[in-house]
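Fold the following and give me the result.
(2 chains)
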Amino acid sequence: MSDDSVPLALPLLRFAADTCEATTLYRELRKPLLRYLVCLGLSSDEAQDVVQDAFLRLQRHLASGRSQDNIRSWMFRVAHNEARNRQNSYHRRFGEPLGDKIDFVADDATPERLVLEKEKFSRLAKAIQLLTDAERECLLLRAGGLRYREIGEVLGIPTSTVGDTVDRAVKRLAEKCNV
Amino acid sequence: MCDFSGRLIAWLDQELSLDEAADVKRHLQSCEDCQRDLDSYQRVTGAVQSLCDATLASTELRRLPRWVLLAGTAVAVTAAAALLLALPRAPMEEPPVYPTAAVAAAANLLEPTPAPVDVPVKKTHRRHALVPVRSQQNLNGVQSERAIRIVIPAEAMFAPGAVPEGITLLADVSIAADGSAQRLRLRP
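Next comes the predicted model:
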């Protein structure tokens, strides 16, 4: 029977395709995920753990034959929920200003620009602390390059709510930070 | 509020049809409110993006020193161990090499001095065999703990033909095992 080879060949082909896809996804999504998690307040090590877990889950998810329309928002949702579960880190993060952690500015910065940039970051970080959780999360996800529809999928809220929330957050930051 | 404000983000995200996008673009050229809103929106989200980038870069920067520190410590410890093992032996086992024939000839003027490592250790003092050689009698009967002795004749200290007449200086230097100069003197 000519179909004899199909049961053996399909899993192999699928494995190769999945591996290739997973590598591409890893390259594309690792950094945005890490950035979002670190900005949410996770330590670098915690963020690395969460991202690794998220990719393992994705692998299991795809290996089980389930499909996913938008893998990016799925991954952000998994990472976001895991970050939420790590309540200690999450709350610790919001107890301390984000800007105090910044000790990196572009290499070509002059000392004067370095000071100004740090001040700007510090001011902005403090203003972000004063936003509501929803405003902060929407804004950080938006800064991570997600569209409103995707942010809605990550946070489980309607797209229109995302639009209103981001608008509100942007206006508050613009008023306080003069950016 | 302008009717188009709700569509600005969709336009930014390229989620509008070509016709709708063209409408928004046309509207933006004439509506100052929308221009201002869009400008403010892009500046704020851009600043937040920069902050997030800097935060990530800072945390990655902070992770780096741990590796650098570990690797640096390992290299330093290995280098220090190698130095400790190698340094004390090399100068003590090999007599100093005099570079020129003149130096060698002048060295012969001195009474033969036993090489530091050649000092015999009596069997009765066997339990002290690993203790560095304590002292030996030098030419002037002064006790000194030395590891290397360097003698430089006048011919080697001056350019050829520039040695002042009647002067036959000998620089006599003794360097202890710890690297300190124990004696530096000139002998006529």
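
interface residues of chain B facing chain A?
When proximity is defined as CB under 8 Å from any CB of the partner chain, chain B approaches chain A at B:6, B:9-10, B:13, B:15, B:40-41, B:43-45, B:47-63. In short, each C-beta sits where N, CA and C put it, glycine included.

Show me just the buried residues among those.
B:9-10, B:40-41, B:43-45, B:47-59 (16 or more other CB atoms under 10 Å in any protein chain shown).

In helices, which of these appear?
Applying DSSP state H to those, the entries found in helices are B:9-10, B:40-41, B:43-45, B:47-59.

Touching whichever helix or strand A:Arg72 is part of from outside, list them.
Assessed by DSSP states H and E, A:Arg72 sits inside helix A:71-85. Residues from elsewhere that reach helix A:71-85 (CB atoms under 8 Å, 6 or more residues apart in numbering or on different chains): A:25, A:28-29, A:33, A:36-37, A:40, A:42, A:50-51, A:53-55, A:57-58, A:61, A:68, A:89-90, A:137, A:141, A:144, A:146, A:150-151, A:153-156.

Domain boundaries for chain B, per the record?
With domains defined by automatic domain parsing, chain B comprises B:5-83, B:95-187.

which stretch in those domains has the least confidence?
Across those, domain B:95-187 has the smallest mean pLDDT, namely a mean of 57.

quick revisit: which among the contacts of helix A:71-85 count as buried?
Buried by 16+ other CB under 10 Å: A:25, A:29, A:33, A:36-37, A:40, A:42, A:50-51, A:54-55, A:58, A:61, A:89-90, A:137, A:141, A:144, A:146, A:150-151, A:153-155, out of the contacts of helix A:71-85.

Please list which of the residues you listed are also close to chain B.
A:36, A:144.

Where helices are concerned, which of the buried ones among the contacts of helix A:71-85 count?
The helices, defined by DSSP H, take in A:25, A:29, A:33, A:36-37, A:40, A:50-51, A:54-55, A:58, A:61, A:89-90, A:137, A:141, A:150-151, A:153-155 from these.

quick one, what contacts A:Val51?
A:30, A:33-34, A:37, A:79 are the contacts of A:Val51 under CB under 8 Å, 6+ apart.

and which of those is nearest chain B?
A:Leu34 (6.0 Å; CB to the nearest CB).

Please name the residues that touch that closest one.
A:44, A:47-48, A:51, B:56.

before we move on, what about A:Glu175?
Taking CB under 8 Å, 6+ apart, one finds nothing in contact with A:Glu175.

Report pLDDT for it.
Note for A:Glu175: predicted pLDDT of 87.

element containing it?
For A:Glu175, the enclosing helix or strand under DSSP H and E is helix A:159-177.
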